[in-house]
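Asker: just coords:
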């Protein structure tokens, strides 16, 4: 088995994971770079806007990002405080596209939440807001980079920015009416980044842990991956803010800050790929091809 | 349920699937465009280089493309004729990256197949070979487009081309030695296109049907998504050429020809998105964001 591991792990490695390091490498690997990050280069997810989506298979951890779609996030938090999603279901899993959940019957009252919202597809930014710009051109946005460790498009012309539809992006489903999204049905990107959706729909957050739980759900057999039979629905056990879960049951995560020196090194390492496996360095990196490092909050940092 | 369907199907539609058409649309949808294709705009997969990967969950249909990596394809066909893969397993499923199969013990003799192969990462092309070039810039390749309906990068400078690592690409795993790939372990892209692999590894084909069977496999818990326990392995029931399967058991597929007028219309429709749902047309389309239409061979075209 050892030899197998050595052989097959070598296979496809540099390419891929980037999270592996080879003794033979002359330059630091992505894993080396991330391991050398100082504690202040990580930020801890805020429990007031971190969500736990509890599926039968486990916990999916979502960060809501109010700066990009404030009214949508407020509405979603209202729905969550009413336990709106508990007992609803995943209604759709379209291969190489999205998983979506909500009320399969579209009947459950929204309580204090609004039924329509303005189309918060882009947000204004100020001159001082941090933007880690990528060195390369992006096809879908005038500028591409990271804000608060989230892949983001920017338009200098009208000073707007928006969360990009990369793997793990969480958005608010809507109908043809641009104001028809209200947060009662959410989707997560599980395939090739559908960047054509950018600036067309409200993106409200990002999945930082548990993507495998969503991405492995059986695909729906109906048009657009909707499940056709009620017995195919995957139940949502609950959707809660971390803040509303007892501390002992929380999963505290940190993500690498995109305004850190380590993040800069990470981008360059992914762009240039100075590892032994590569025979042709790409000299380019796409916005959605930079997985952002996540780690558990170090034990020493937990305040009791 | 009808209202639900109308509401939620509208949600996320134009964006997404493109395979839906709305009565209200003024311009033809992708579905309309494809439906209007004439029969000679489709090509039928050649059973001599179409593979059926039989998993417990069903059949995955792969087209091998010898023009891009002839010695690799020859070697894989030798392994298949020896039934090399039958009874082996999926050994790895890394979320948002690849599924890989082969011999978990790396011990099974390769028979008449070669153990090392030259690095066929790119192929030469001739002036007459058909290339449907995309209108936009690509980050990873000097030119991007389609050859025989497969996403392809091109370099005019040295007259080479290579199959791009888009969703569904099938490649040959290798170790650090560029000649260590031999086709006995193959991988399929199941996540965001890892285009950094282009020109670094031999891509030999494409999955035209059954991607959902691969993409929903449980992810491995080990480094790089390797399964850690033998009981996690997903068995490969068999890997056969379509030609070696009785005609009555074949699945005959056609793919839309990339040198057709309809394919040109399809690219423009995906690039411009003139549908009612979109409020911001992307005016760009990425090489890996153009799913190629596939259909069963029409009954009238089957020769008995």
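Answerer: All right, it came through fine. Keep in mind it's a predicted model, so treat the numbers as computed, not measured.

Asker: switch to C-alpha atoms for all contacts and neighbour counts from now on
Answerer: OK.

Asker: could you pull out the helices for chain A?
Answerer: All helices of chain A, identified by DSSP state H, fall at A:2-10, A:13-16, A:30-35, A:70-81, A:211-215, A:261-272.

Asker: which one of these lies closest to chain B?
Answerer: helix A:2-10 (4.4 Å; CA to the nearest CA).

Asker: pLDDT on the closest one, on average?
Answerer: For helix A:2-10, mean pLDDT is 37.

Asker: now swap in stretch A:101-115 and tell me
Answerer: For stretch A:101-115, mean pLDDT is 96.

Asker: and stretch A:168-179, by the same measure?
Answerer: The average pLDDT within stretch A:168-179 is 97.

Asker: who touches it?
Answerer: Stretch A:168-179 is contacted from outside by A:116-119, A:163, A:180-190, A:201-208, A:211, B:7-13, B:276-277, B:279, using CA atoms under 8 Å, 6 or more residues apart in numbering or on different chains.

Asker: run the last query once more with 6 Å
Answerer: Residues from elsewhere that reach stretch A:168-179, judged by CA atoms under 6 Å, 6 or more residues apart in numbering or on different chains: A:116-119, A:180-181, A:183, A:185-189, A:202-207, B:10-12, B:277.

Asker: what number of residues lie near residue A:70?
Answerer: The tally of other residues near residue A:70 (other CA atoms under 10 Å in any protein chain shown) stands at 15.

Asker: what's the nearest residue to it if we skip its chain neighbours?
Answerer: Once flanking residues are discounted, residue A:70 sits nearest to residue A:120: 7.9 Å by CA to CA, 6 or more residues apart in numbering or on different chains.

Asker: and that neighbour, how close does it get to residue B:46?
Answerer: 49 Å (CA to CA, to the nearest Å).

Asker: check residue A:206 too.
Answerer: Applying CA to CA to residue A:206 and residue B:46 gives a distance of 42 Å.

Asker: and what of residue A:164?
Answerer: According to CA to CA, residue A:164 and residue B:46 sit 39 Å apart.

Asker: who's in contact with residue A:180?
Answerer: Each residue near residue A:180 by CA under 6 Å, 6+ apart is listed here: A:116, A:174.

Asker: returning to that earlier point: residue A:206 and residue B:46: who's more crowded?
Answerer: The neighbour comparison of residue A:206 against residue B:46 (other CA under 10 Å) goes to residue A:206, with 25 against 16.

Asker: mind checking how far that one is from residue A:67?
Answerer: Relative to residue A:67, residue A:206 is positioned 13 Å away (CA to CA).

Asker: now residue A:98, nearest residue through space, not along the chain?
Answerer: residue A:189 is the one closest to residue A:98 (CA to CA, 6+ apart), at 4.5 Å.

Asker: hmm, I was thinking of residue A:238
Answerer: Nearest one to residue A:238, counting by CA to CA, 6+ apart, is residue A:86 at 4.3 Å.

Asker: how many neighbouring residues does the one you found have?
Answerer: Residue A:86: 17 neighbours (other CA under 10 Å).

Asker: contacts only, for it.
Answerer: The contact partners of residue A:86, by CA under 6 Å, 6+ apart, come to A:236, A:237, A:238.

Asker: in strands only, show me those.
Answerer: Within the contacts of residue A:86, residues falling in strands by DSSP state E are residue A:238.

Asker: select from the contacts of residue A:86 the one having the most neighbours.
Answerer: Within the contacts of residue A:86, most neighbours by other CA under 10 Å means residue A:238, with 20 neighbours.

Asker: and the stretch 151-300 of chain A, which of its residues are near chain B?
Answerer: With the criterion set to CA under 6 Å from any CA of the partner chain, the stretch 151-300 of chain A comes near chain B through A:173-176, A:191-192, A:196-197, A:200, A:216, A:277, A:279-280, A:282.

Asker: and the residues you listed as a markdown table, adding neighbour count?
Answerer: Listed next are these as a markdown table, based on neighbours: other CA atoms under 10 Å in any protein chain shown:
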| residue | neighbour count |
| --- | --- |
| A:173 | 27 |
| A:174 | 28 |
| A:175 | 19 |
| A:176 | 19 |
| A:191 | 25 |
| A:192 | 24 |
| A:196 | 26 |
| A:197 | 24 |
| A:200 | 23 |
| A:216 | 21 |
| A:277 | 23 |
| A:279 | 18 |
| A:280 | 16 |
| A:282 | 20 |
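
Asker: can I get those in CSV including distance to residue B:110?
Answerer: What follows is those, written out as CSV (distance: CA to CA, whole Å):
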residue, distance to residue B:110
A:173, 50
A:174, 53
A:175, 54
A:176, 56
A:191, 34
A:192, 35
A:196, 45
A:197, 47
A:200, 52
A:216, 32
A:277, 24
A:279, 26
A:280, 29
A:282, 33
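
Asker: out of the helices of chain A, which gets nearest to residue A:242?
Answerer: Among those, helix A:70-81 comes nearest to residue A:242, with 11.2 Å by CA to CA.

Asker: for the closest residue to residue A:214 other than its chain neighbours, give its distance to chain B.
Answerer: Leaving aside its chain neighbours, residue A:214 sits nearest to residue A:99 (6.8 Å; criterion: CA to CA, 6+ apart). Distance of residue A:99 to chain B, given as CA to the nearest CA, to the nearest Å: 11 Å.

Asker: give the contact list for residue A:99.
Answerer: For residue A:99, the contact set (CA under 6 Å, 6+ apart) comprises A:92, A:93, A:187, A:188.

Asker: filter these down to the buried ones, PyMOL style.
Answerer: Typed into PyMOL, the line below selects the buried ones among the contacts of residue A:99, using 16 or more other CA atoms under 10 Å in any protein chain shown:
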select buried, chain A and resi 92+93+187+188
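
Asker: could I get the contacts of residue A:99 in JSON lines, plus columns for pLDDT?
Answerer: Shown next, in JSON lines, are these (pLDDT from 0 to 100):
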{"residue": "A:92", "pLDDT": "98"}
{"residue": "A:93", "pLDDT": "98"}
{"residue": "A:187", "pLDDT": "98"}
{"residue": "A:188", "pLDDT": "98"}
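
Asker: among the contacts of residue A:99, which lie within strands?
Answerer: Among the contacts of residue A:99, the members found in strands (DSSP E) are A:92, A:93, A:187, A:188.

Asker: would TSV of those with distance to residue B:152 be doable?
Answerer: Listed next are the ones in strands among the contacts of residue A:99 as TSV, based on distance: CA to CA, whole Å:
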residue	distance to residue B:152
A:92	31
A:93	28
A:187	30
A:188	28
